[in-house]
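Trainee: fold the stuff below for me.
(one chain, ligands or ions: 1)
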Amino acid sequence: MHNTTHRQGRTRGAGRKKSSPARKHRRTNSPNAQKHAAKRFAHARTRRTARKMPTFDPSQFINKNPVESTPDVYEPTHTFEDFGLSHTITNTLDTLGHTKPSPIQDQVIPHILERKDIVGIAETGTGKTAAFLLPLIHMTNVRAHHQTLILTPTRELALQIEAELRKLARGMRIFSTVCVGGAGIGAQIRGLKRSNHFVIGTPGRVLDLMQRKVFLPQHVSAVVLDEADRMLDMGFIHDMRHILGAIPSKRHTLFFSATMPANAEKLVSEFMKHPTRVSVRKKDTTDSIAQDVVPYELHTKYDTLVQLLKSDACTRAIVFGSMKHSVEKLSKQLTQSGVPAASIHGNKSHGQRQRALTSFKKGEVSVLVATDVAARGIHVEDVSHVVNYDLPGTFEDYIHRIGRTGRADKRGVALTFVARSHKR
Ligand code: AMP
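Mentor: Next up is the predicted model:
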């Protein structure tokens, strides 16, 4: 018996050749390069502008009377056996203690097994990953040449999905390679040269590997976009068009996301035909979270935060900041002030981010200071507080951030720092 094999890079910065000055000159001065540079600049400018000027009414961050979260008891209409999944899979689910399908699994698995394109709306923590992995593992088991590409916006989420795949495909000859940035490309290239049933990665690295002709999109039969709304926004849409445009159009396409704002929704039809929509989103996912603002003066902002994090009620907190360097500085400052903290942000290597997340998950530190990379898809149990030390860029980001607490019928608190001049 072979367990699921995973292949992933270990060293950093391998693979890319340095350009010669002449090549660099040709690259930067060709009309095509200039057109791309202008496009990139325009995007960066829009992104910067969007980031700098969040306009919020502070009352959006207040909900002092959260609904008592009496857990909704959902009675699934199927058992795992009803889906006709292979016995190895149902036995594994038994071993894992997953006795019945979660709502998203109950509703979406039959459609995926019928090879329907799907837009699935469900938050992280609802069993969303298994909802697409279980039928895809089954289909792979039935058709040996079935290859699934799973794209995620962050490395952490890619790794989390890969870990779930290894758990669910235990005892099956299912092979996978993780292709994420910030990790050495050499091992990923070697992994892709063997046959893979699942390739899980972030768009930039997958595109890079595709352009090197190591990842072959023509072999892909199913594509999953996790956190699809993010994958369809400005930062990723170009890569998405490149990657999905190269995959045969008769593919099976699955989008999963906690939210699907109008701008992302508009793009759905570009990538799939007549998708089946399944939503298990609660009416208002933030209903169970007590939300309030913390008005601050600049000179007392940090002390207010320390006081808050030291309070008895605050047992495990994620503090969100907007800039990579200020997040790093804040986590060091907090540790010095007697609040052990770890940080994750885009300037950290993949390994550093994983270590920070692990020490937070294990409870070695009670505070994780993060940029928005941590707001998406990451599953950490029992986060008592989410603190928006810096305002989020958009209200969608706010919803994603505070969704890290109050999960799975637990109560949570979300506090947003608002400058006194903003308070009405
Ligand atoms: P998600 O982040 O939505 O993929 O779900 C996260 C957690 O839900 C993981 O820890 C899974 O092991 C767990 N999970 C998935 N499916 C089930 C199920 N049917 N019953 C209980 N737990 C589950």
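Trainee: can you pull the contacts of the closest residue to residue 121 other than its chain neighbours?
Mentor: Nearest residue to residue 121, sequence neighbours excluded (C-beta to C-beta, 6 or more residues apart in numbering): residue 279, at 3.9 Å. Just so you know, the C-beta spots here come from the backbone N, C-alpha and C atoms, and that holds for glycine as well. Residues near residue 279 by C-beta atoms under 8 Å, 6 or more residues apart in numbering: 120-122.
Trainee: tell me which of those residues fall in strands.
Mentor: 120-121 (DSSP state E).
Trainee: let me know the closest of the contacts of residue 279 to the ligand.
Mentor: residue 122 (6.8 Å; C-beta to the nearest ligand atom).
Trainee: can you count the residues close to the closest one?
Mentor: 24 (other C-beta atoms under 10 Å).
Trainee: now do the strands in the stretch 251-400 of the chain.
Mentor: Using DSSP state E, counting those that start in this stretch, the strands found in the stretch 251-400 of the chain span residues 252-257, 276-279, 289-296, 317-320, 341-344, 367-370, 385-388.
Trainee: what separation is there between residue 404 and residue 386?
Mentor: 5 Å (C-beta to C-beta, to the nearest Å).
Trainee: overlap of the contact sets of these two?
Mentor: With C-beta under 8 Å, 6+ apart as the test, residue 404 and residue 386 both reach residue 318.
Trainee: what about stretch 334-344, start to end distance?
Mentor: With C-alpha to C-alpha, to the nearest Å as the measure, stretch 334-344 spans 14 Å from end to end.
Trainee: chain center to that stretch, what's the gap?
Mentor: 24 Å (C-alpha atoms, centre = their mean, to the nearest Å).
Trainee: which residues touch that stretch?
Mentor: By C-beta under 8 Å, 6+ apart, stretch 334-344 touches 156, 305-306, 309-310, 319, 327-328, 330-331, 352-353, 355-357, 359-360, 364-371, 373-374.
Trainee: and if you look at stretch 192-211?
Mentor: 7, 136, 140, 146-155, 158, 161-162, 165, 174-181, 185, 188-189, 214-217, 220, 231, 236, 239-240, 242-243, 246.
Trainee: just the buried ones from the residues you listed, in PyMOL syntax?
Mentor: A single PyMOL command is used to select the members of the contacts of stretch 192-211 judged buried by 16 or more other C-beta atoms under 10 Å:
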select buried, resi 7+136+140+146+147+148+149+150+151+152+153+154+155+158+161+162+165+174+175+176+177+178+179+180+181+185+188+189+214+215+217+220+231+236+239+240+243
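Trainee: so which of the contacts of stretch 192-211 belong to strands?
Mentor: 7, 148-151, 175-179.
Trainee: so which of the residues you listed comes closest to the ligand?
Mentor: residue 150 (12.2 Å).
Trainee: for that closest one, what are its contacts?
Mentor: By C-beta under 8 Å, 6+ apart, the neighbours of residue 150 are 158, 161, 198-201, 223-224, 226.
Trainee: for the strands of the stretch 251-400 of the chain, which one sits closest to the ligand?
Mentor: The nearest among the strands of the stretch 251-400 of the chain, by C-beta to the nearest ligand atom, is strand 252-257 at 9.0 Å.
Trainee: and the ligand, is the closest one touching that?
Mentor: No: Strand 252-257 is not in contact with the ligand by C-beta under 6 Å from any ligand atom; minimum separation 9.0 Å.
Trainee: tell me which other helices or strands that strand touches.
Mentor: Helices and strands touching strand 252-257, by 3 or more C-beta pairs under 8 Å, 6 or more residues apart in numbering; DSSP states H and E, are strand 118-121, helix 128-142, strand 222-226, helix 228-231, helix 262-271.
Trainee: need the ones you listed in TSV with distance to the ligand, can you?
Mentor: Formatted as TSV, the helices and strands packed on strand 252-257 follow (distance: least, C-beta to the nearest ligand atom, whole Å):
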stretch	distance to the ligand
strand 118-121	11
helix 128-142	3
strand 222-226	9
helix 228-231	14
helix 262-271	19
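Trainee: before we move on, the earlier item: filter the contacts of stretch 334-344 down to the buried ones.
Mentor: For these, buried by 16+ other C-beta under 10 Å: 156, 305, 309, 319, 327-328, 330-331, 353, 356-357, 360, 365-371, 373-374.
Trainee: from these, which ones fall inside helices?
Mentor: Among the buried ones among the contacts of stretch 334-344, the members found in helices (DSSP state H) are 156, 305, 309, 327-328, 330-331, 353, 356-357, 360.
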